[in-house]
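Colleague: My questions are about this predicted structure, shown below with the sequence.
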Amino acid sequence: MCNEKVAEMNNKIKHLEMIQGVINRMAQCSFMLKGWSVTLVVALLALSVASRDKIALMVVSFVPLIVFWILDSYYLWQERLFRGVYNYVRGLSENEIDFLMNPLAFKGGRNTWLSTMFSVTILTFYLALLAAMIVVIIFFSVSADSVCHGCR
């Protein structure tokens with residue numbers, strides 16, 4: 001009897017560990033995307049400084065910012081859905097453990113892709129990056145104008 005109880009409890013723990021592993025992977029992907037977005041945007045802005053057509057290349061740097069914002073939001077959304085799965089499994093009794101991991105059952109309300117895109121954590125990061133990009137673009141467009149006026 002005691003061995004059966006331990007085996008059932010082990011099933012629940014294993015199921016929770018599997019779900020936690022997925023949550024950790026989603027969080028790691030989100031973290032990596034933030035790092036890549038900063039790296040790529042800064043690289044494009046630095047490349048645009050050395051380019052003849054500075055403004056065009058600076059404007060192109062908005063594309064990866066938007067793509068990374070969408071991808072980062074997707075991974076955070078998936079992480080939230082799997083947290084719902086984790087909380088659901090945590091509340092199950094040992095004999096109800098079936099090892100299913102369907103995150104779509106937890107969609108809706110706060111757990112939508114769109115609401116995740118406009119969450120405070122995502123918006124704060126990407127709006128700060130966007131603001132920095134705009135400041136750089138304005139600085140270099142004004143600097144380019146002043147240099148051109150000095151040549152005449």
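Modeller: That came through, no problem. Residues are numbered from 1 along each chain as shown.
Colleague: Nearest the geometric middle of this structure, what residue?
Modeller: Asp72 (2.1 Å; C-alpha atoms, centre = their mean).
Colleague: Next up, the contacts around the closest residue to that one other than its chain neighbours.
Modeller: Computed as C-beta to C-beta, 6 or more residues apart in numbering, the closest residue to Asp72 that is not its neighbour in sequence is Leu33, at 4.5 Å. Where C-beta positions appear, they are placed from N, C-alpha and C, glycine not excepted. By C-beta atoms under 8 Å, 6 or more residues apart in numbering, the contact list for Leu33 reads Phe68, Leu71, Asp72, Tyr75.
Colleague: does the third one really touch Gly35, like I thought?
Modeller: What it means is Asp72. No. Using C-beta atoms under 8 Å, Asp72 is not in contact with Gly35; the gap is 10.6 Å.
Colleague: residue ranges for the strands of this structure, please.
Modeller: Using DSSP state E, no strands are found in the chain.
Colleague: Helices of this structure, residue ranges please.
Modeller: In the chain, the helices defined using DSSP state H lie at 2-50, 54-60, 62-90, 113-117, 120-151.
Colleague: JSON lines for those helices, including distance to Phe99 and mean pLDDT?
Modeller: Converted to JSON lines, the helices of the chain look like this (distance: least, C-beta to C-beta, whole Å; pLDDT from 0 to 100):
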{"stretch": "helix 2-50", "distance to Phe99": "5", "mean pLDDT": "86"}
{"stretch": "helix 54-60", "distance to Phe99": "46", "mean pLDDT": "74"}
{"stretch": "helix 62-90", "distance to Phe99": "9", "mean pLDDT": "93"}
{"stretch": "helix 113-117", "distance to Phe99": "26", "mean pLDDT": "92"}
{"stretch": "helix 120-151", "distance to Phe99": "31", "mean pLDDT": "79"}
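Colleague: Alright, I will stop here.
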